[in-house]
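Trainee: Okay, sequence plus prediction incoming.
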Amino acid sequence: MAEFLSEYALALLMVVTLLAGIFSGYPVAFLLGGLGIVFAFIGDIPVPFLGTVGSRIFGGVIENWLMIAIPLFVFMGLMLERSGVAKRLLLTLQRLFGRTHGGLAVSVAILGVIMAASTGIIGASVVMLGLLALPVMMKQGYRAEMACGVIAASGTLGILIPPSIMLVLMGSILQISVGALFKAALLPGLLLGGLYIAYLLITARIRPDWAPLADMADVDPTPLPLALLRDLLGPFVLIFVVLGSIMAGIATPTEAAAIGALGSLLLALAMRSLDFATLREAVRETSRTSAMILFVVIGATCFSVVFKRLGGDYMIEELITGTGLGPYGLMLLIMGLIFVLGFFLEWIEISFVVLPLVAPVVEVLDFGYGLSGQGLLVWFAILVAINLQTSFLTPPFGYALFYLKGITEGQVSILTIYRSIIPFVLLQVTGLVLCMVFPALVLWLPGLMP
């Protein structure tokens, strides 16, 4: 142990300093980049080596064509969120399940799946679902824990169900096809949505007082089949065009994102909700979100290059492989580490700092399925994506919880919100275990549509 500590002292100190800096509240992007530069000098790394950091940033980040998909997908999601599609669809789904205990909660979960395939933005999805559904659910007499839990959990599906900016970044980090990741994530995302719905229906049946029947006195006079067709057609066509073009190999993720951005504008125009103020706000929010992601990517690139130069990658590999665990034991160890990190770090930092370090270890493991290195990385990336979805729900830094708290206007305490997400975190862990035990859930669709 003493030899290990002496050999990797600077790499360990770098990790400890990073964690301390994060808890201090300092902006993560500047923290990552600053630590990379500081430890380059502490470690007596030659100054010319820092030139490779700049080359890696420009060649691997700034000039990466795939990165253009991020602002386009963000813009698409923001425009759809402001078009009014979600509100009309929720009311129509409520009519569909109105005679079922928990029907409104099920409608929120289904809307979360649909909007996840349209937006991929956690903040927008949680806030939108919260503003639309929470007042109605509370007025209808829903238990606060059930209402808050389904809204927060359904809103986080956007980080997994494609088109997901997390999957775009993972494809860039691991150097694997984003199209393959989109295909692989579809069934696990629908599986989680199905687990949510099953839990809501079972809970509502056992405790009907938690999820009373809806008041259907004031409903849209449009016949239900026509209302469903009217409110589902636009989002369905947009999702089909964007995801279908990627999965069929007709368009790259960047090209499909551009189609989606244009489609969201046309849909907002058709809904008569497109004006200059809406467009300006969507562009401004797109710029802010994209800039935040880009700065974290730049900082993480600087940090990881220096960290590897100090032997950090060998340290991680030695720590993981030195446990004596088999392939599944190592996978459980990695998933447990990522789950714990999700309590304190955002998915972007975990993706850019942890994935490049553990991916080489995973790529050479033999799980007995005859998978190639790339196939293993696709499976591993989806397991990590499901795992990271929980980071939005786990305190103390679960962002979905604070988004939801911000729109409750003091009606629901933060402790109630914390309690509300416990069953949904357990459902997410259940989905993760199922995808780990049955890799076909992840790899069937990419194998069917190579």
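Mentor: Great, that's in hand.

Trainee: how near is L333 to T321?
Mentor: 10 Å (CB to CB, to the nearest Å). Quick note: C-beta positions are derived from backbone N, CA and C, even for glycine.

Trainee: same deal with G398?
Mentor: 32 Å.

Trainee: same question, D366
Mentor: D366 is 13 Å from T321, by CB to CB.

Trainee: Which one's more surrounded, G398 and T321?
Mentor: Ranked by neighbour count (other CB atoms under 10 Å), G398 and T321 place G398 first, with 22 against 13.

Trainee: didn't that one look like it was pressed against Q389?
Mentor: No - using CB atoms under 8 Å, G398 is not in contact with Q389; the gap is 10.7 Å.

Trainee: For L213, what is the enclosing helix or strand?
Mentor: If you go by DSSP states H and E, L213 is not part of any helix or strand.

Trainee: So what's the residue count around it?
Mentor: Count around L213 with other CB under 10 Å applied: 16.

Trainee: Can you classify the residue nearest to it when sequence neighbours are not counted by secondary structure?
Mentor: Closest residue to L213 apart from its sequence neighbours, by CB to CB, 6 or more residues apart in numbering: H101 at 6.2 Å. Secondary structure, DSSP: H, G, I helix; E, B strand; the rest coil: H101 is coil.

Trainee: Just the C-alpha atoms of the helix or strand that contains L134, please, in CSV.
Mentor: L134 is part of helix 122-140, with elements assigned from DSSP H and E. Extracted C-alpha coordinates of helix 122-140, given in CSV (Å, rounded to 0.1, in the frame of the first residue of the first chain):
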residue,chain,number,x,y,z
ILE,A,122,-33.9,17.3,-18.1
GLY,A,123,-34.5,20.8,-16.8
ALA,A,124,-37.0,21.6,-19.4
SER,A,125,-38.9,18.3,-19.1
VAL,A,126,-39.1,18.4,-15.2
VAL,A,127,-40.2,22.0,-15.2
MET,A,128,-42.7,21.5,-18.0
LEU,A,129,-44.3,18.4,-16.4
GLY,A,130,-44.3,20.1,-13.0
LEU,A,131,-46.0,23.2,-14.2
LEU,A,132,-48.6,21.3,-16.2
ALA,A,133,-49.4,18.3,-13.9
LEU,A,134,-48.5,19.1,-10.3
PRO,A,135,-51.3,21.7,-9.7
VAL,A,136,-53.8,19.4,-11.3
MET,A,137,-52.7,16.4,-9.4
MET,A,138,-52.6,18.2,-6.0
LYS,A,139,-56.1,19.7,-6.7
GLN,A,140,-57.4,16.2,-7.6
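
Trainee: Residues contacting that helix, please?
Mentor: Contact with helix 122-140 is made by 77-78, 81, 86-87, 90, 94, 104-105, 107-108, 111-112, 115-116, 119, 144, 146-148, 151-152, 154-159, 212, 214-215, 392, 399-400, 403-404, 406-408, 411, as judged by CB atoms under 8 Å, 6 or more residues apart in numbering.

Trainee: Looking at those, which are in helices?
Mentor: 77-78, 81, 86-87, 90, 94, 104-105, 107-108, 111-112, 115-116, 144, 146-148, 151-152, 154-155, 399-400, 403-404, 406-408 (DSSP state H).

Trainee: Narrow the residues you listed to those that are buried.
Mentor: Buried residues within the ones in helices among the contacts of helix 122-140, counting neighbours by 16 or more other CB atoms under 10 Å: 77-78, 81, 86, 90, 94, 104-105, 107-108, 111-112, 115-116, 144, 146-148, 151-152, 154-155, 399-400, 403-404, 407-408.

Trainee: Could you check how far the residue nearest to I173 when sequence neighbours are not counted is from V362?
Mentor: Spatial nearest neighbour of I173, excluding adjacent residues (CB to CB, 6+ apart): L355 at 5.2 Å. L355 sits 10 Å away from V362, going by CB to CB.

Trainee: OK, contacts around the residue lying closest to D366 once chain neighbours are set aside?
Mentor: Distances taken as CB to CB, 6+ apart put P327 closest to D366, at 6.1 Å, once the chain neighbours are dropped. Counting by CB under 8 Å, 6+ apart, P327 makes contact with L365, D366, F367, G368.

Trainee: Please pick the buried ones from the residues you listed.
Mentor: L365.

Trainee: Distance to I417, pLDDT and secondary structure for the contacts of P327 - can I get that in TSV?
Mentor: Below are the contacts of P327 laid out as TSV (distance: CB to CB, whole Å; pLDDT from 0 to 100; DSSP: H, G, I helix; E, B strand; the rest coil):
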residue	distance to I417	pLDDT	secondary structure
L365	38	80	coil
D366	43	77	coil
F367	38	78	coil
G368	42	73	coil
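
Trainee: Please identify the one among the contacts of P327 that lies nearest to D313.
Mentor: Nearest to D313 among those, counting by CB to CB, is L365 at 16.3 Å.

Trainee: from memory that closest one sits against L376, does it?
Mentor: Yes - between L365 and L376 a contact is recorded at 7.0 Å, counting by CB under 8 Å.

Trainee: element containing the closest residue to P162 other than its chain neighbours?
Mentor: Leaving aside its chain neighbours, P162 sits nearest to F182 (3.8 Å; criterion: CB to CB, 6+ apart). Applying DSSP H and E as the criterion places F182 in helix 178-206.
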